[in-house]
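1. Kindly return the folded structure for what I paste below:
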Amino acid sequence: MKRTLSIVAALMCLASAAMQGQTRGGPQAPKFQADPMWPKPLPNHWILGSVTGVAVDSKDHVWIVHQGAATLTQNTEMGTGTNPPTAEICCSAAPPILEFDPAGTLVNSFGGPAAGGDYQWPRCVSSLAVDTKGNVWVAGNAASPGGRGNRQCTNGSAGTILVPDSDPATAGARGARGAAGARGGAPAAPATPPPADAHLLKFGPGGKFVKQIGTAGKMEGPDSQTTLNRPSNVEFDAAANEVYVADTGNRRVVVFDADSGAYKRHFGAYGSKPDAAADLGKYDPNAPAKQFRTVSCVRIAKDGTVYVCDRTENRVQVFQKDGKYVKEFFVAKTTQGGADGGSAWDVTFSKDNQQQFMFVANGWDKKVHILQRSSGNILGTFGQGGRMPGEFVGVGSLAMDSKGNLYTGETFEGKRVQKWMNR
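-> Residues are numbered from 1 along each chain as shown. Below is the predicted model:
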């Protein structure tokens, strides 16, 4: 027991040591320390795939969504029966949507393809939000397949990643093609490419399907009032009973009525008309793009201002709810990384009445920035690259509870959620 406590203490010291760049004078950035014991172990040998969304509800329950088996390594994480440990011993993918109580105990799980075909489960789940009625909103943003036997996930909060196609039918066809090629036989006919994600799902508090907005594979451009194009993020506005969607493929934010799903309005970068076909060229830190390059998050502050992440443009733009542009600020402006990179992956706010601080996930640089919300000035950072508690691999999603504790989700090979205690 003493040895265990010593290890835990050492890990917490490591997490505390990851604090960087605190400024002197002016507002003092809050400090955090990772809790290495949160969450508690999952049942049934469940493990997480790439975590692409984190949310906190009114009970301070923490919700996550992850990409499951499609992002797990067969030999080392799931087992195949040919390379121990096998899947029967360890491990299997947890259901895609998980709910934890404040202590980190799993209390609910659901999600995945509908048995009766009532809805289209996204190929690449990209985020979730929980509204004040306990409904859970899920977005997905798979693009066209990235190559034979693969599918491409253009996660607004996770970069662009290729993951194996977990569809049994497609996997079987892929295996048949490989076997035929090895024996010199004729290749099998290619499988029909799966449709791109272009929809949003709403589930009730117990996981019962309620509504789908949009249709997988149906994309009609940024002026459409009924279709989406690889939505990466969703936010609920309780004051107006509306949902805001970061519609990545259409380079816009689009707003729907939360009950009926009816279209309300949409807007692009700088409040302009979005143009999905515009050639933005290579990222230039000295010449900001006039369109959203990778709109990856949308968040609403208590004062009603709307914050939109443009991940690979390294910026956050601020709007009024009607789409009128207010201002923008840049986060780590020289960050590169192409489609996988950028410094503005997700945003959340402090819980004081003025929400003085804003937290920005920078997955490429493996840290979280703490900004003064009013000015956009960076006050400090925490985290560093690594797999120990207090370190990050692909931190792409953020949420904060009522006590000011921060929760981070890690995509790519990070595959975890961490709790950061407000010190």
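
2. quick one: D35 and G409, what's the gap?
-> 15 Å (C-beta to C-beta, to the nearest Å). Placement of C-beta: from N, CA and C, glycine included.

3. neighbour-wise, which of these two wins?
-> Taking other C-beta atoms under 10 Å, D35 and G409 do not tie; G409 has more neighbours (31 against 19).

4. That one in helix, strand or coil?
-> With DSSP: H, G, I helix; E, B strand; the rest coil as the basis, G409 sits in strand.

5. V54 is in contact with that one, correct?
-> Yes. G409 is within contact range of V54, at 4.2 Å (criterion: C-beta atoms under 8 Å).

6. list the residues that contact both of these two?
-> 64, 397-398, 417 (C-beta atoms under 8 Å, 6 or more residues apart in numbering).

7. Next, the buried residues of stretch 397-413.
-> By neighbour count on 16 or more other C-beta atoms under 10 Å, the buried set for stretch 397-413 is 397-401, 404-412.

8. what's the first-to-last distance across it?
-> The first and final residues of stretch 397-413 sit 14 Å from each other (C-alpha to C-alpha, to the nearest Å).

9. can you give me how far it is from the chain middle?
-> 10 Å (C-alpha atoms, centre = their mean, to the nearest Å).

10. Could you do stretch 36-54 as well?
-> Its chain's C-alpha centre and that of stretch 36-54 lie 15 Å apart, by C-alpha atoms, centre = their mean.

11. what is the rounded mean pLDDT of that stretch?
-> What stretch 36-54 shows for mean pLDDT is 96.

12. For that stretch, give the distance from the opening residue to the closing one.
-> First residue to last in stretch 36-54 (C-alpha to C-alpha) measures 18 Å.

13. mind listing what's buried in it?
-> Of the residues in stretch 36-54, 36, 38-39, 45-54 count as buried by neighbour count, 16+ other C-beta under 10 Å.

14. Of those residues, just say which sits nearest to F357.
-> The closest of the buried residues of stretch 36-54 to F357 turns out to be V54 (C-beta to C-beta; 17.7 Å).

15. Can I take it that E77 is in a strand?
-> No. Assigned with three-state DSSP, E77 falls outside any strand and is helix.

16. what sits against it?
-> Counting by C-beta under 8 Å, 6+ apart, E77 touches 47, 91.

17. returning to what we had before: farthest-apart pair in the buried residues of stretch 397-413, please.
-> Spatial extent of the buried residues of stretch 397-413 (C-beta to C-beta) is set by the pair G404 and F412 at 27.3 Å.

18. The residue nearest the centre of the chain: which element?
-> By C-alpha atoms, centre = their mean, the mean C-alpha position of the chain lies nearest to T52, the distance being 3.1 Å. According to DSSP states H and E, T52 maps onto strand 51-56.
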